[in-house]
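Participant: 3D, please:
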Amino acid sequence: MMDIEKIKAIAFDFGGTLDSPFQHWMEVYLYYYVTEFYLPLTKESFRESYVYAEQMMERLPLVQPSHSLLETQQVKLQLQFEKMIARYLLPDVYEYFEKVPNEAARLITDYATVNVNVSKPVLAALAKRYPLLLVSNYYGNLKKVVTDLGIAPYFVSITDSTIERIRKPDPALWKIAFDRQGYAPEEVLVVGDSMKNDIFPALSLGCQVVHGCPDLSQEEVLPSVNRISSLDELPALLL
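Facilitator: Have a look, this model is predicted:
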C-alpha cells in the first residue's frame, strides 16, 4: 500500500515507461525487425547487437543535444545493423547498411510518438496535482526529444544521464533530480518499467514506487510493490 499523504512529487522514467507501454525496447526493435522486415532474428541472437549499440552510444558522443528522436534512432539502428552484419546475422549488402535501418528508424519513431501521445493525458492530469520529474538514461538530448514530443511542459525538471555522467541503475541519478527540486526520497513516488534501473534504485533511496508491467500475470519480483499494466491506471492509485 502507498502512503499517499507523503507523496509530494512523482518521478518518471522515460524509455519504456512513457514512450512504450512498459515494453522493453529490445523487444520493440525485435518485433519490428521480424514482422516488418522479416529479419532472421531471435531474442538470443539479437541481444548482443542491441547491447553493443547501447554501449557505444553511452561511450561516444554520437548523439548531439540538438538531435531529434528520429536522428537518435537512426544512430542507434545504424550501430545495431553494423553489429548484426559483423556477426553474420545479416548479409553485408547496401540494403542493411542504409535502407532498412532508416525505414526501421522511422517506424520506431512513429511507435514512440504514438505511445507518448497516449501518455499525455495522464501526465497532464497528474501535473495539476504534483510536480513531475523526468529521470532517464539518455544521450544528452532528452530535453530536445521530450520538447519535440510535447511533454516537456509537464515536468519541473528533466535529468539526462549523459549530461550528469551517471547512469541507472546507480540511484545517484534519481537523487540528483530529487535534491535539485528540494525533495527527500521518501516524498517522491517513482514510476518506471525496469526493476533494475528504476524500482530497485528508488527503493534503496527510500522512495515509494510503481512498477509498470505489461503482463500482470507474470510472477511478482516484489509482492509489496504496486504494479500497473497501463499508465492510465496510475491516477487511481493516488486517490
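
Participant: in this structure, which spans are strands?
Facilitator: 9-12, 132-136, 155-160, 188-192, 208-212, 226-228 (DSSP state E).

Participant: Please convert these to CSV, extending it with distance to residue 32.
Facilitator: Quick note: C-beta positions are derived from backbone N, CA and C, even for glycine. Shown next, in CSV, are these (distance: least, C-beta to C-beta, whole Å):
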stretch, distance to residue 32
strand 9-12, 24
strand 132-136, 22
strand 155-160, 25
strand 188-192, 23
strand 208-212, 21
strand 226-228, 25
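
Participant: I'd like those strands as JSON lines, with distance to residue 69 and mean neighbour count appended.
Facilitator: Listed next are those as JSON lines, based on distance: least, C-beta to C-beta, whole Å; neighbours: other C-beta atoms under 10 Å:
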{"stretch": "strand 9-12", "distance to residue 69": "17", "mean neighbour count": "24"}
{"stretch": "strand 132-136", "distance to residue 69": "13", "mean neighbour count": "25"}
{"stretch": "strand 155-160", "distance to residue 69": "14", "mean neighbour count": "20"}
{"stretch": "strand 188-192", "distance to residue 69": "19", "mean neighbour count": "27"}
{"stretch": "strand 208-212", "distance to residue 69": "20", "mean neighbour count": "24"}
{"stretch": "strand 226-228", "distance to residue 69": "25", "mean neighbour count": "18"}
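
Participant: Present these as CSV; the columns should include distance to residue 19 and mean pLDDT.
Facilitator: Shown next, in CSV, are the strands of the chain (distance: least, C-beta to C-beta, whole Å; pLDDT from 0 to 100):
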stretch, distance to residue 19, mean pLDDT
strand 9-12, 11, 98
strand 132-136, 10, 98
strand 155-160, 14, 98
strand 188-192, 12, 98
strand 208-212, 12, 96
strand 226-228, 16, 93
